[in-house]
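Undergrad: Sequence and predicted structure are below.
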Amino acid sequence: MSNTSTSPFDIEAIRSQFPVLEREVNGRKLVYMDNGATTHKPKAMTNAITSYYETINSNVHRGVHHLSQRATDAFELTREKLRAHINAEHSYEVIFTKGTTDSINTVAWSFGELVKPGDEIIISTLEHHSNIVPWQMLCERKGATLKVIPMDDHGVLDMEAFKALLNEKTVLVAFNHISNALGTINPVKEMTALAHEVDAAVVIDGAQSMPHLNVDVRDLDVDFYAISAHKMYGPTGIGALYGKEEWLNKLPPYQGGGEMIDTVTFEKTTYAGLPHKFEAGTPHIEGVIAWAASIDWLNELGMENISAYEQELLEYGTEALLSVEGLKIHGTAPNKSALFSFNIDGLHHYDIGTLLDQLGIAVRTGHHCTQPLMNRMEVPGTIRASMGLYNTKEEIDTLVAGLNRVIPMLK
Amino acid sequence: MSESIAERTDDIVDEFDMFEDWMDKYDHIISLGKELPLIDEQYKVEDNLIKGCQSRVWLHADYDGEKVQFTADSDAIITKGIIALMIRALSDQTPQAIVDADLSFVDQIGLKEHLSPTRANGLVSMIKQMKFYALAFQSKQA
Ligand SMILES: Cc1ncc(COP(=O)(O)O)c(C=O)c1O
């Protein structure tokens, strides 16, 4: 396929960084198309984990000894690399969390302390449960109201409806940069500007955008941006919350414990400054340090190159899939990431997924943690093939051939 | 359909032994699903839904004082095929036989390990529900 690709990177060299892609599943070569759930890891990242434990393992920010200093330096270097990667102004605006869900819950709790009865929070139809439930919990806790931006049949949010929802009672707007179920890329910059006209804070669920797009939080002007490392070729159990300094200073800490304090007496505790105020307890040190290797690796390839290559896969795959009889693609936004959510006329998504698995093809089936969105589209679920930067057009051909084999079996 | 449950499940194991490739086994399961007699629409209600399936499964049981008859349906055809296997093993048997049934054939044909975790859970729920019905009929009789 490299002969038909205009992308400047060498797909075979990339794939060789992922030993798991060589393995067989059910006697066939693995075709991994569940990158929306989690991506595989390049050797540079897994090597960094081993190297951390073999050379500098110790707790961070605490020891006077050499190893602790080395570990702390490496830990803080990731913060700086992530800052540069998303173009935040200060590295202390990057808070390490367990992942996107944890980041959103952090904001929902801390920001929630400032919310009053009658305030309004806006989310969108496209949201993952982790960008719905924390806001519902907050609304229940504080007597606020949750409003939802509707979308059209392509999976594009209705900007006029969004404008109509915004008013002086709106305190916060939360939506994803890229929809995990449909692939829609939302106009974050434009929507943020609209939200700021009524002084609402903007929280972006960046779980799906970080592996595919060049994200510039200052250009987007968002107030918060939630990230999972494991969806961007990094380790599981680690993520980040970007927050503008003025917001992070204004919000109370989410959890109490070690690391996040300045002084503690039984009468009163004063909190540490940023970012430590939001990082209680011993962090996921190994995860943070190894994440830097994934970030470096992505930057060596170049986010723009990755986007361009994946857009090729999107174009190729859309056409190839539409050749399959009875196949309907859900999510046809003009601005979309390389993700195919689809159903086959008259067949159950679960049957298709089960049989594709027998052929070594890993897709996800079901509601993708977006039940309200599935209800809006009036389907119980979809089959989702979500591309990563190591997928190829040949693999898309394998998917199409697989579908053409299993569909007649089920008819 | 007068053989014992053990005879029926032995037959099922033999039948699956004939296929080498799991694609062929699935093909067989799918054809069993297609042949599954239709459930009476009145039984496709929320109350008869089995929890723990990613696809929806409705199970209904009738008891004539001697034997239990199961009917079921699902929106997914592979699930329906698996139900067909269970019905073939357990339907038209006495409550006592159903309660006592040894269902190791499920493991012998490799079905459980070959199912996704959600579907394997669904299968476990289905078996539990069938035995539960039999137990209820048995205690009614006692
Ligand atoms: C759009 C979106 N938001 C949030 C999440 C939750 O991410 P995590 O489970 O890493 O916290 C996901 C993961 O599936 C996602 O796709």
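TA: Sure thing, it's come through. What you see is a predicted model, and the numbers here were worked out from it, not measured in a lab. Residues are numbered from 1 along each chain as shown, chains lettered A, B, ... in the order given.

Undergrad: Can you tell me the closest non-neighbouring residue to the residue of chain A found nearest chain B?
TA: Closest to chain B within chain A is residue A:348: 3.9 Å, counting by Cβ to the nearest Cβ. For every residue, glycine as well, the C-beta is placed using N, CA and C. Nearest non-adjacent residue to residue A:348, counting by Cβ to Cβ, 6 or more residues apart in numbering or on different chains: residue B:76, 3.9 Å away.

Undergrad: So the one you found versus the ligand, what's the distance?
TA: 23 Å (Cβ to the nearest ligand atom, to the nearest Å).

Undergrad: cool, and residue A:391?
TA: Distance of residue A:391 to the ligand, computed by Cβ to the nearest ligand atom: 17 Å.

Undergrad: Do I have it right that that residue meets residue A:314?
TA: No - using Cβ atoms under 8 Å, residue A:391 is not in contact with residue A:314; the gap is 10.6 Å.

Undergrad: between those two, which one's more packed in?
TA: Using other Cβ atoms under 10 Å in any protein chain shown, the more surrounded residue of residue A:391 and residue A:314 is residue A:391, with 24 against 18.

Undergrad: May I ask which helix or strand encompasses the residue nearest to that one when sequence neighbours are not counted?
TA: Of all residues not flanking residue A:391 in the chain, residue A:313 sits nearest, at 6.0 Å (Cβ to Cβ, 6+ apart). Using DSSP states H and E, residue A:313 sits within helix A:303-322.

Undergrad: What is the next helix or strand after that helix packed up against?
TA: Going down the chain from helix A:303-322, the next helix or strand is strand A:327-330, by DSSP H and E. Strand A:327-330 sits against helix A:303-322, strand A:339-344, with contacts defined as 3 or more Cβ pairs under 8 Å, 6 or more residues apart in numbering or on different chains; DSSP states H and E.

Undergrad: dump the residue contacts of the residue of chain B found nearest chain A.
TA: Chain A sits closest to residue B:76 of chain B, with a gap of 3.9 Å, by Cβ to the nearest Cβ. Contact analysis of residue B:76 by Cβ atoms under 8 Å, 6 or more residues apart in numbering or on different chains lists A:348, A:350, A:351, B:54, B:55, B:56.

Undergrad: gap between the two ends of stretch A:53-73?
TA: 15 Å (Cα to Cα, to the nearest Å).

Undergrad: ok, residue A:221 touching residue A:195?
TA: No - applying Cβ under 8 Å as the test, residue A:221 and residue A:195 come out as separate, 9.8 Å apart.

Undergrad: hang on, residue A:162 packs against residue A:149?
TA: Yes - Residue A:162 is within contact range of residue A:149, at 4.8 Å (criterion: Cβ under 8 Å).

Undergrad: what do those two both touch?
TA: Joint contacts of residue A:162 and residue A:149 (Cβ under 8 Å, 6+ apart) are residue A:122.

Undergrad: returning to that earlier point: give me phi/psi at the residue of chain B closest to chain A?
TA: Main-chain dihedrals, residue B:76, degrees, to the nearest 10: phi -110, psi 140.

Undergrad: Same question for residue B:58.
TA: phi -110, psi 130.

Undergrad: That one: neighbouring residues, count only.
TA: By other Cβ under 10 Å, neighbour count at residue B:58 equals 20.

Undergrad: do residue A:261 as well
TA: 16.

Undergrad: same thing with residue A:204?
TA: 28.

Undergrad: cool, residue A:324 as well?
TA: 16.

Undergrad: Pull the contacting residues for it.
TA: By Cβ under 8 Å, 6+ apart, the contact set of residue A:324 is A:344, A:400, A:403, A:404, A:407.

Undergrad: which residues does the residue of chain A closest to chain B contact?
TA: Counting by Cβ under 8 Å, 6+ apart, the residues that residue A:348 touches are B:55, B:75, B:76, B:77.

Undergrad: Residue B:130 touches residue B:83, doesn't it?
TA: No - at 9.7 Å, residue B:130 does not count as touching residue B:83 under the criterion of Cβ under 8 Å.

Undergrad: any common contacting residues for those two?
TA: Joint contacts of residue B:130 and residue B:83 (Cβ under 8 Å, 6+ apart) are residue B:59.

Undergrad: burial of residue B:23, as a residue count?
TA: A count of nearby residues for residue B:23, using other Cβ under 10 Å, gives 17.

Undergrad: And the helices in chain B?
TA: Assigned by DSSP state H, the helices in chain B fall at B:5-17, B:22-35, B:77-90, B:95-100, B:105-108, B:111-114, B:117-141.

Undergrad: correction: chain A
TA: For chain A, the helices defined by DSSP H cover A:11-15, A:43-55, A:66-86, A:100-112, A:133-142, A:159-165, A:188-197, A:217-220, A:245-250, A:285-301, A:303-322, A:349-358, A:371-377, A:393-410.

Undergrad: For the third one, enumerate the helices and strands it packs against.
TA: With contacts taken as 3+ Cβ pairs under 8 Å, 6+ apart, helix A:66-86 sits against helix A:43-55, strand A:94-97, strand A:224-228, helix A:285-301.

Undergrad: what does the last one give?
TA: Counting contacts by 3+ Cβ pairs under 8 Å, 6+ apart, the secondary-structure elements packed against helix A:393-410 are strand A:31-32, helix A:303-322, helix A:349-358, strand A:361-362, helix B:22-35.

Undergrad: looking at chain B, which helix or strand does the model trust least?
TA: helix B:111-114 (a mean of 76; mean pLDDT, DSSP states H and E).

Undergrad: hmm, stretch A:170-189 in reach of chain B?
TA: No - using Cβ under 8 Å from any Cβ of the partner chain, stretch A:170-189 stays clear of chain B, coming no nearer than 15.8 Å.

Undergrad: what residues are up against residue 111?
TA: Just so you know, I chose chain A. A:138, A:172, A:201, A:247, A:251.

Undergrad: I was thinking of chain B, sorry if that wasn't clear
TA: B:82, B:85, B:123.

Undergrad: of the residues you listed, closest to residue B:4?
TA: Of all the contacts of residue B:111, residue B:85 has the smallest distance to residue B:4: 16.2 Å, by Cβ to Cβ.

Undergrad: What confidence value was assigned to the closest residue to residue A:403 other than its chain neighbours?
TA: Spatial nearest neighbour of residue A:403, chain neighbours left out: residue A:324 (5.1 Å); criterion: Cβ to Cβ, 6+ apart. With respect to pLDDT, residue A:324 scores 98.

Undergrad: Residue A:256 too?
TA: As predicted, residue A:256 sits at a pLDDT of 89.

Undergrad: tally of neighbours for the residue nearest to it when sequence neighbours are not counted?
TA: Computed as Cβ to Cβ, 6+ apart, the closest residue to residue A:256 that is not its neighbour in sequence is residue A:280, at 6.0 Å. For residue A:280, the count of nearby residues is 17 (other Cβ under 10 Å).

Undergrad: And residue A:280, how far from residue A:102?
TA: Distance of residue A:280 to residue A:102, computed by Cβ to Cβ, to the nearest Å: 12 Å.

Undergrad: now residue A:121
TA: Distance of residue A:121 to residue A:102, given as Cβ to Cβ: 19 Å.
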